[in-house]
Each structure stands twice: as C-alpha cells, then as structure tokens.
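Q: Sequence and predicted model, in that order:
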Amino acid sequence: MTGLTESIESAQQLAVAWRALVLDRTADADVRDLPGIAVRWADCRFSFYNCVTLTDPGAGADLLARRLGQAADIMRAKKHPGFLWLFEGLLDEEARTALTTAAERAGLEYAFPGTGMAGDLLPLPDPAHPDLTFVRVRTDEHLRAYADLQSSAYGFPVEEGRDGLVGSTHWKNEMYAYLAMRGDVPVACAATVEAQGRLFVAFVATDPRWQRRGYGEAVTRKALHEGARATGLTRATLHATVAGAPVYPRIGFTPNSPMHFYALKG
C-alpha cells in the first residue's frame, strides 16, 4: 500500500467501526457522511464516542481550512464535547504546513497525538503471561470493569467511561473484548471487532498502577488471537496513543499516518 492508501484505509476503519459503536450507544446518534467529513457522534459523556474525522484524500490547504471550520461548527452544535480525529497522511504538503494555523482559526485546540497502524499479521498464537488470565467481556459487570480501566488510563471521571459502555449489547456480542485479570483484579483490557474486512483493535488500556509489565500487549494479543480465530481475517488495524505506540510494532503492526486529535477551544 502507498502512504495515502493506508491513510485512507485508517480513516475508513474509524468511520466503519465507530458507526456501529455510537449507534449501539445512542440509537439516533449522528452518523452522517458529509462531503469530506464523517460524523460519528453519540453525544454522550464518554468523549471518545463523540467523533468527527476528515475524509478528503490529498486535501490542500484551502480545502483543509474549510473542512476544519465545518467540523468545528458540527462540534459546537453538540451537547457533549468530543474530538476531531485528523489523519495527517490524507493532507498534501501545503496543508500539513498550514494545519496548526488553520486549526486555530477554526477554533480548535490540539489535544493529543496518535498514530494509525496496520499489518497483515494474523493469525497470532494464543498468548500467555505468567501474571494473567483472560476473560471475555460478556456481562455488565465485565463492561463496567472495562469502562473503569478506560477512565483510569485516560484520566476521565469514572462515570464518563461507564456512560459509554455499560449496558451495551454490541460490546458483549459483536466485539472480541477481553479483560486481563491479575487474580480477581482487572488490570488491562483490549478489544477487536470486524470492520470492512479487517480486524480493528480499539480501547486498549492498562491500569496506571500496573503499567510497564507487558499486560497491555498480552491482552491485545489475546483480542487479536480470538478475533482472528472467529473471523478468519488476516489484516488488522488500529489507532495508537503515545503510550501504545511502542507496543504495537512488537506485535507486527507498521505505523502509517500520524494523527492529531483536536477539541474545541475552551
């Protein structure tokens, strides 16, 4: 794949996977596909479920500025805050240079970075870790533990993670979501889900008290192993945070597009 092709793939994976997630959370969620913009907005307290992304391939500086303004307007019309996920690999060189200034003019502020990754790496062997057992998410109790790991890892109030996940049928039936258990304590989590012929990895988190022990990598491998075993898929994709970026290449992922997350200016 070329860099642009992989960036298009990465943005499409977000649009496909998030459509199912936000509609599961909110039946009338905003899942519009507009010219150059995909809206995936549950308008709930869990900000990762409130998402807008730009989709024009090879966008220039003028088009970028217009799309950023349109995206910011969509975000302002919502009740709950969320993020614009921007894939740098979709922009031409002029647009990349203009990005910081254009985002500020649109009323957006930089939140944090990410990296799109993909790889033809499946199947993977069933992982083992001497400290851990793995439990598939099947109950609301499991989902609550999963949500609380998200909140602790990303610094959200615990109620926000629960508002996104608890009560979901999609998570319990369609996703290969796993908790890594140290005894009876959930310490890490990861999920995969089929998305347009790929296995998409999402919502990997480790309790900050248990980081740097290989727990996040182990449970990610488990979610990939089980997802591939069930679906037969061979290609996997994900969007990595800074914390996860060093881990995924060890599993077999290759970085492609840098990502930029933006929020509305406070």
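A: Now that the structure is in, tell me what you want to look at.
Q: Could I get the full set of helices for the stretch 1-150 of the chain?
A: Remark: helices assigned in the stretch 1-150 of the chain by DSSP state H, counting those that start in this stretch are 3-25, 61-76, 93-105, 140-154.
Q: could you redo these as TSV and give each row distance to residue 246?
A: Backbone N, C-alpha and C define where each C-beta goes, glycine included. Below are the helices of the stretch 1-150 of the chain laid out as TSV (distance: least, CB to CB, whole Å):
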stretch	distance to residue 246
helix 3-25	19
helix 61-76	30
helix 93-105	24
helix 140-154	16
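Q: I'd like to know which of these lies nearest to residue 53.
A: Comparing the helices of the stretch 1-150 of the chain by their distance to residue 53 (CB to CB), the top pick is helix 3-25, with 5.7 Å.
Q: Dump the helices of the stretch 1-150 of the chain to TSV, plus distance to residue 257 and mean neighbour count.
A: Formatted as TSV, the helices of the stretch 1-150 of the chain follow (distance: least, CB to CB, whole Å; neighbours: other CB atoms under 10 Å):
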stretch	distance to residue 257	mean neighbour count
helix 3-25	4	20
helix 61-76	15	18
helix 93-105	11	15
helix 140-154	21	20
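Q: Let me have the ones you listed in CSV, extended by mean pLDDT and distance to residue 54.
A: Shown next, in CSV, are these (pLDDT from 0 to 100; distance: least, CB to CB, whole Å):
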stretch, mean pLDDT, distance to residue 54
helix 3-25, 97, 8
helix 61-76, 98, 5
helix 93-105, 98, 10
helix 140-154, 97, 23
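Q: Out of those, which gets nearest to residue 260?
A: By CB to CB (comparing all of those), the closest turns out to be helix 93-105, at 7.3 Å.
Q: Touching the closest one from outside, list them.
A: 59-61, 63-65, 68-69, 86, 88, 91, 109-110, 260, 262 (CB atoms under 8 Å, 6 or more residues apart in numbering).
Q: can you rerun that using 10 Å?
A: 56, 58-69, 71-72, 84, 86, 88-92, 108-110, 258, 260, 262, 265 (CB atoms under 10 Å, 6 or more residues apart in numbering).
Q: Relative to the whole chain's centre, how far out is that helix?
A: Going by CA atoms, centre = their mean, to the nearest Å, the spacing between the C-alpha centre of helix 93-105 and its chain's C-alpha centre is 23 Å.
Q: Am I right that residue 199 falls within a strand?
A: Yes - applying DSSP: H, G, I helix; E, B strand; the rest coil, one finds residue 199 inside a strand.
Q: Residue 227 is in contact with that one, correct?
A: Yes - between residue 199 and residue 227 there is a contact under CB atoms under 10 Å: 4.7 Å.
Q: joint contacts of these two?
A: In contact with both residue 199 and residue 227: 122, 176, 192, 193, 233, 236, using CB under 10 Å, 6+ apart.
Q: Beta-bridge partners for the second one, please?
A: Judged by DSSP bridges, the bridge partners of residue 176 are residue 192.
Q: Quick one: neighbours of it, just the number.
A: By the criterion of other CB atoms under 10 Å, residue 176 has 23 neighbours.
Q: Give me the pLDDT for it.
A: If you check residue 176, the pLDDT there is 98.
Q: by how many degrees do the helix or strand in which residue 181 is found and helix 140-154 diverge?
A: Secondary structure from DSSP states H and E places residue 181 in strand 176-182. Using axes from the mean of the first three to the mean of the last three CA atoms, to 10 degrees, the direction of strand 176-182 lies 80 degrees away from that of helix 140-154.
Q: Which secondary structure elements does strand 176-182 sit against?
A: strand 133-136, helix 140-154, strand 185-195, strand 198-206, helix 215-231 (3 or more CB pairs under 10 Å, 6 or more residues apart in numbering; DSSP states H and E).
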